[in-house]
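> take a look and give me a structure for this.
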Amino acid sequence: MKKATRLLRFEDAWLPNLAAWAYMLGAYVGGFAAILADALWLNAAGVLLLAHGMVIAAYFIHECAHDSLFRLPINNHRFGELLLWICGASYSDYEAIRMKHVRHHLDRADIVSFDFRTRLPHYPKLLKTIQVLEWFYIPALEIMMHALVVILPFMKESRRYLRRRVVTVLVLRIAFFAALASIAPKVLLLYPLAYMIFLTVMRFMDVHQHTYDVHETLDFSREAQVKQYDRAFESRNTYSNLISEKYPWLNLLVLNFAYHNVHHDQQIQPWYRLPGLHAKLYGEDRTQVLVFSDLARSYHRYRVGRVLNGDPADLDVKRDGGRTFIGVDGVSFLTAH
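Presented below is the predicted three-dimensional model:
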């Protein structure tokens, strides 16, 4: 036990992480078992369990990117690679995902290598298709972003090194789902449904956490243009979108990712400490806190308009509680482009 504890970065990390990992694996494996079952109610429960298992796995990748799980970076790297398979995002390598997220924190901006906002208007039929699907709450833009992880290595020279990985992952995942479909063909419907719920949860958490500028500089070294963004800018343009303030345990549904300001203030702190640190640092100050019900309205109202939107920095999103805060799509840390 002592040796195992020394693997982790923090001495108090064993119990919360063990509990969360047990739940994550149980939800993922149990979810697959349930969607393969005959009973429809089990299928429905399995879809939700599978989706939530992937959500928790994704936020543990975020923990790995900050080296806040294990004492040695190599162990965070290995665990992050494993979790990418659970999230269905293993087409990207973990290091590329980590570097994109590090740039997000260092540059205090949304750093991408491919800004779809400037290109989609040149393809009106594709844009219209995405907008129609988004109207029906199908996360078409997020699906496109994940598809680009597969496509870009064959289009951009800077991503060429990922070609073998993409082909290998494609072959293995096709074989995996072919095997599952031979047991129960409905897995080909229920897994994509679970995956779209997973993408929707991840996007809901992402779209309102910043009013950052987007820079297409991920494939290059840091440029002078981001030096204008200082620590004060980061604080003003970062928001905590708590699922509930009255019942803080509900924020565990997203591994406390909603405590986003305190995460940006103290990036190395692990997920289970964030509620306490949030209360200690900010107390009754709710300047940077947005309310779930207001954000849910905004998410619904602007689900089509958000596709090409980019909120300006220092936008006064609190003037009406965030109800007209459109937010930005396509900034997930899981897509390393």
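> going by C-alpha atoms from here, please, whenever you check contacts or count neighbours.
OK.
> and the residue lying closest to residue 42 once chain neighbours are set aside, what element?
Of all residues not flanking residue 42 in the chain, residue 34 sits nearest, at 5.2 Å (CA to CA, 6 or more residues apart in numbering). If you go by DSSP states H and E, residue 34 is part of helix 14-36.
> and the angle from the helix or strand where residue 43 lies to helix 14-36?
Using DSSP H and E, residue 43 sits within helix 40-65. Between helix 40-65 and helix 14-36, the angle comes out at 140 degrees (axes from the mean of the first three to the mean of the last three CA atoms, to 10 degrees).
> list the buried residues for the following helix or strand past helix 40-65?
Using DSSP H and E, the helix or strand that directly follows helix 40-65 along the chain is helix 73-87. By 16 or more other CA atoms under 10 Å, the buried positions in helix 73-87 come out as 73, 75-77, 79-81, 83-84, 86-87.
> do stretch 9-25 as well
9, 13-14, 17, 20-21, 23-25.
> and that stretch, C-alpha only, in CSV?
Provided in CSV are the C-alpha atoms of stretch 9-25 (Å, rounded to 0.1, in the frame of the first residue of the first chain):
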residue,chain,number,x,y,z
ARG,A,9,1.7,12.7,-6.7
PHE,A,10,-0.3,13.5,-3.5
GLU,A,11,-0.5,11.5,-0.3
ASP,A,12,-4.3,12.1,0.0
ALA,A,13,-4.9,10.9,-3.6
TRP,A,14,-5.3,7.2,-3.1
LEU,A,15,-8.9,6.9,-1.8
PRO,A,16,-10.6,9.4,-4.1
ASN,A,17,-8.8,8.2,-7.2
LEU,A,18,-9.4,4.5,-6.4
ALA,A,19,-13.1,5.2,-6.0
ALA,A,20,-13.3,7.3,-9.2
TRP,A,21,-11.3,4.7,-11.2
ALA,A,22,-13.5,1.9,-10.0
TYR,A,23,-16.6,3.8,-11.0
MET,A,24,-15.1,4.7,-14.4
LEU,A,25,-14.2,1.2,-15.3
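> and the contacts of it?
Stretch 9-25 is touched from outside by 5, 8, 52-54, 56-57, 68-72, 272, with contacts defined as CA atoms under 8 Å, 6 or more residues apart in numbering.
> which of the residues you listed sits closest to residue 172?
Of all the contacts of stretch 9-25, residue 172 sits closest to residue 54, with 18.4 Å by CA to CA.
> quick check, that closest one in contact with residue 85.
No - if you go by CA atoms under 8 Å, residue 54 and residue 85 don't touch, sitting 9.5 Å apart.
> residue ranges of the helices in the stretch 51-200 of the chain, please?
73-87, 94-107, 124-135, 140-151, 163-183, 187-207 (DSSP state H, counting those that start in this stretch).
> export the ones you listed to JSON lines and tack on distance to residue 114 and mean pLDDT?
Conversion of the helices of the stretch 51-200 of the chain to JSON lines gives the following (distance: least, CA to CA, whole Å; pLDDT from 0 to 100):
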{"stretch": "helix 73-87", "distance to residue 114": "21", "mean pLDDT": "96"}
{"stretch": "helix 94-107", "distance to residue 114": "12", "mean pLDDT": "93"}
{"stretch": "helix 124-135", "distance to residue 114": "16", "mean pLDDT": "97"}
{"stretch": "helix 140-151", "distance to residue 114": "9", "mean pLDDT": "94"}
{"stretch": "helix 163-183", "distance to residue 114": "17", "mean pLDDT": "95"}
{"stretch": "helix 187-207", "distance to residue 114": "18", "mean pLDDT": "97"}
